[in-house]
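Chemist: model the following, please.
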Amino acid sequence: MSIDRLVTSGSFSLDGGTWEVDNNVWLVGSGDEVVIIDAAHDAAAILGAVADRRVTAIVCTHGHNDHIDAAAEVAAATGAPILLHPADQVLWEMHYGSDVPYVPLKDGQVIDAGEVALTVLHTPGHSPGAVCLHARELGVVFSGDTLFQGGPGATGRSYSSFETIIESIEDRLLTLPEETIVHTGHGDSTTIGAEAPHLGEWLHRGH
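Modeler: Numbering: from 1, shown residues only. Sure, this is the predicted structure:
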C-alpha cells in the first residue's frame, strides 16, 4: 500500500485572473494499481509517477482548472475514468467545454484504490462540488482545497461560500479522529487535531 505525492506547477485561472500555483497530485494504491487524486498541470510527470501500474480512476476533488487540466490527457493515456462531483459541472465546462466526459461522484461513494477504500465526502464551499476522500484504514483524508494547514480553502471567488466551507469542515472533517492526517491540494500536510482548535479563529477572520 502506498501514498505518493507529486508536486506539479502551472496556473489557476478564474474570474479574469491567473495565478501561478504548485499543486499536490496524490497517487494512492498498491504495486499493481493506483488512483490519481487531482491530475494537475503535467500529464507526463503524472504518468511517470504511475510507472507500470494500472490507473483505476482519476478523481478530481473539485473542478478548478489547476486540479483538472491534465485529467483528459492522463485519461486518454491510461483508459481510466475521470470522476468529478456534478455540482462542479460549470467549472469543468470552463476548461473542457462539453468535449471531455466524466463519471459523476456522489457523497458516500467508495472508490477502490488497490488495497484501500476511499470514501467520498461531499464538502462544498471552495466550490459547489468539492469533495474530500477519506481512507479510514490509513487514517488519512485527502482534502483538496477544502482544508489546509492553517485554515479553510479560499472562498473569495465565484461559486464559493465561506459559510458553506466552514459548515463542511465542521460537519465532515473535524468529526474525523484527531490523529487523521490531512493531505492537501497545495502545500504541506497537517492533521485534524492540529486544525480543529482554530475553528473559532477562522470564523472570526471570515466575518
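Chemist: would you map the strands across the chain?
Modeler: According to DSSP state E, the chain carries its strands in the segments 2-14, 17-29, 33-37, 54-59, 82-84, 103-104, 110-113, 116-122, 131-135, 140-144, 147-148, 151-152, 181-184, 190-191.
Chemist: mind putting those strands into a markdown table with distance to I165, mean pLDDT and mean neighbour count?
Modeler: The C-beta positions use only the backbone N, C-alpha and C, and glycine is treated the same way. Conversion of the strands of the chain to a markdown table gives the following (distance: least, Cβ to Cβ, whole Å; pLDDT from 0 to 100; neighbours: other Cβ atoms under 10 Å):
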| stretch | distance to I165 | mean pLDDT | mean neighbour count |
| --- | --- | --- | --- |
| strand 2-14 | 16 | 97 | 16 |
| strand 17-29 | 19 | 97 | 18 |
| strand 33-37 | 19 | 97 | 25 |
| strand 54-59 | 19 | 98 | 22 |
| strand 82-84 | 18 | 98 | 22 |
| strand 103-104 | 21 | 98 | 12 |
| strand 110-113 | 23 | 95 | 17 |
| strand 116-122 | 12 | 96 | 20 |
| strand 131-135 | 11 | 98 | 26 |
| strand 140-144 | 11 | 98 | 27 |
| strand 147-148 | 9 | 98 | 24 |
| strand 151-152 | 5 | 96 | 22 |
| strand 181-184 | 14 | 98 | 21 |
| strand 190-191 | 16 | 98 | 18 |
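Chemist: burial count for P128?
Modeler: Residue neighbour count, defined by other Cβ atoms under 10 Å, stands at 20 for P128.
Chemist: list the contacts for it?
Modeler: Applying Cβ atoms under 8 Å, 6 or more residues apart in numbering to P128 gives the contacts 85, 87-88, 159.
Chemist: and the end-to-end length of stretch 62-76?
Modeler: End-to-end span of stretch 62-76 (Cα to Cα, to the nearest Å): 20 Å.
Chemist: apologies, that question was intended for stretch 97-111.
Modeler: Note: stretch 97-111 ends 26 Å apart using Cα to Cα.
Chemist: please apply the same query to stretch 177-195.
Modeler: Stretch 177-195 has an end-to-end distance of 12 Å (criterion: Cα to Cα).
Chemist: repeat that for stretch 179-191.
Modeler: 6 Å.
Chemist: and it, how far out from the chain's middle?
Modeler: Taking the mean of its C-alpha atoms, stretch 179-191 sits 11 Å from the chain's own mean (Cα atoms, centre = their mean, to the nearest Å).
Chemist: equivalent analysis for stretch 78-87, please.
Modeler: On Cα atoms, centre = their mean, the centre of stretch 78-87 falls 12 Å from that of its chain.
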